[in-house]
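Asker: my questions are about this predicted structure, shown below with the sequence.
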Amino acid sequence: NAQPSAIFNVDAWGKSIAMARMVAANTKSRRILVASAPKTGSTFITGALERTYNLSRVSLTLLSARSYGHYQFGGGLRDHDVDELALITTAYIQNGYVAHHHMIGSPYLGKQCQLYGIVPIVTRRNLFDTFVSFDEHAMKLRGTGVDIPYLHFGLPEAWYDMEFEDRMEFVLDYHLGWYTRYYASWKLTEQENYVAPVWIDYEKDILGPKQALAEKLAAGVGGGEASIPA
């Protein structure tokens, strides 16, 4: 069997990647990361941005042709680190892109946002409402083909048979730390001047007047006309 180096020129590939990275970092297009906690209105925000600015929806966590391909590869239980090849290739999308991930803030992510000109939008919501909404979402998945609570969400297989109070107690024990880390990580990343995220509050912005939300998003992402399409 031939060695990989005999089939593929690694040095040439490395030089090509370095050149592609330089070009991607030094060209401009609208690049948006909706970095959200689950059940905070982030899907709505992502769809509105996609339609308003005619953006492609992409994944930044792995090189994938599908915007949520990381779930197909079992990436639903990790804090989604951005993938360098995905950052490079998506930068070449002509009309720009929006990516939607449940992602923890970090100096590395902040530096990548600086390098590639990515605007992070960070969503937040009252935790108790968030957990109830999360439970409702998980319960609706029963019998849908995504009926794998642990593999997708870290939930026990007996989730559907548990009482509501027991499910809430589990969510508090299992997910409260993640939500706390999520919020604190983005606040600290902002305070250290790695990023200047657009903060979206569910109660004020998502449930409030849509025109005000549209104007806030347009100001944050450098958009022109502000609107939230139906």
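Answerer: Okay, I see it.
Asker: when you work out contacts or count neighbours from here on, use the C-alpha atoms and nothing else.
Answerer: Fine.
Asker: the lengthiest helix in the chain packs against which elements?
Answerer: Looking across the chain with DSSP state H, the single longest helix is helix 164-191. If you count contacts as 3 or more CA pairs under 8 Å, 6 or more residues apart in numbering; DSSP states H and E, helix 164-191 packs onto helix 127-140.
Asker: pLDDT on the helix it packs on, on average?
Answerer: If you average the pLDDT over helix 127-140, you get 90.
Asker: the inter-axis angle of that helix versus helix 164-191?
Answerer: Interaxial angle of helix 127-140 relative to helix 164-191 (axes from the mean of the first three to the mean of the last three CA atoms, to 10 degrees): 120 degrees.
Asker: how far is helix 127-140 from where the chain is centred?
Answerer: Distance of helix 127-140 from its chain centroid, counting by CA atoms, centre = their mean, to the nearest Å, is 19 Å.
Asker: same deal with stretch 47-66?
Answerer: Using CA atoms, centre = their mean, the distance between the centre of stretch 47-66 and that of its chain works out at 10 Å.
Asker: would you map the strands across this protein?
Answerer: In the chain, the strands defined using DSSP state E lie at 31-35, 56-58, 97-101, 118-124, 198-201.
Asker: centroid-nearest residue for this protein?
Answerer: residue 101 (1.6 Å; CA atoms, centre = their mean).
Asker: which residues does that residue bridge with?
Answerer: Beta-bridge partners of residue 101, counted by DSSP bridges, are residue 35.
Asker: low-confidence ranges in the protein?
Answerer: The chain contains residues with pLDDT under 70 at 1-6, 64-80, 145-152, 223-230.
Asker: can you tell me how far the closest residue to residue 123 other than its chain neighbours sits from residue 88?
Answerer: Nearest non-adjacent residue to residue 123, counting by CA to CA, 6 or more residues apart in numbering: residue 200, 4.7 Å away. According to CA to CA, to the nearest Å, residue 200 stands 27 Å off from residue 88.
Asker: residue 135: how many residues sit nearby?
Answerer: Residue 135 has 18 neighbours, counted by other CA atoms under 10 Å.
Asker: before we move on, what about residue 27?
Answerer: Neighbour count for residue 27, taken as other CA under 10 Å: 11.
Asker: where does it fall, phi/psi-wise?
Answerer: phi -120, psi 160 (degrees, to the nearest 10).
Asker: which other residues reach stretch 108-128?
Answerer: Surrounding stretch 108-128, the residues in contact under the criterion CA atoms under 8 Å, 6 or more residues apart in numbering are 24-26, 28, 30-37, 40-42, 81-82, 87, 91, 183, 186, 189, 194-203, 220-221.
Asker: tell me the buried residues in that stretch?
Answerer: 109-113, 116-125 (16 or more other CA atoms under 10 Å).
Asker: kindly report the same for stretch 179-189.
Answerer: Quick answer for stretch 179-189 (16+ other CA under 10 Å): 179, 182-183, 185-187, 189.
Asker: can you check stretch 27-47 too?
Answerer: For stretch 27-47, using 16+ other CA under 10 Å, the buried residues are 29-42, 45-47.
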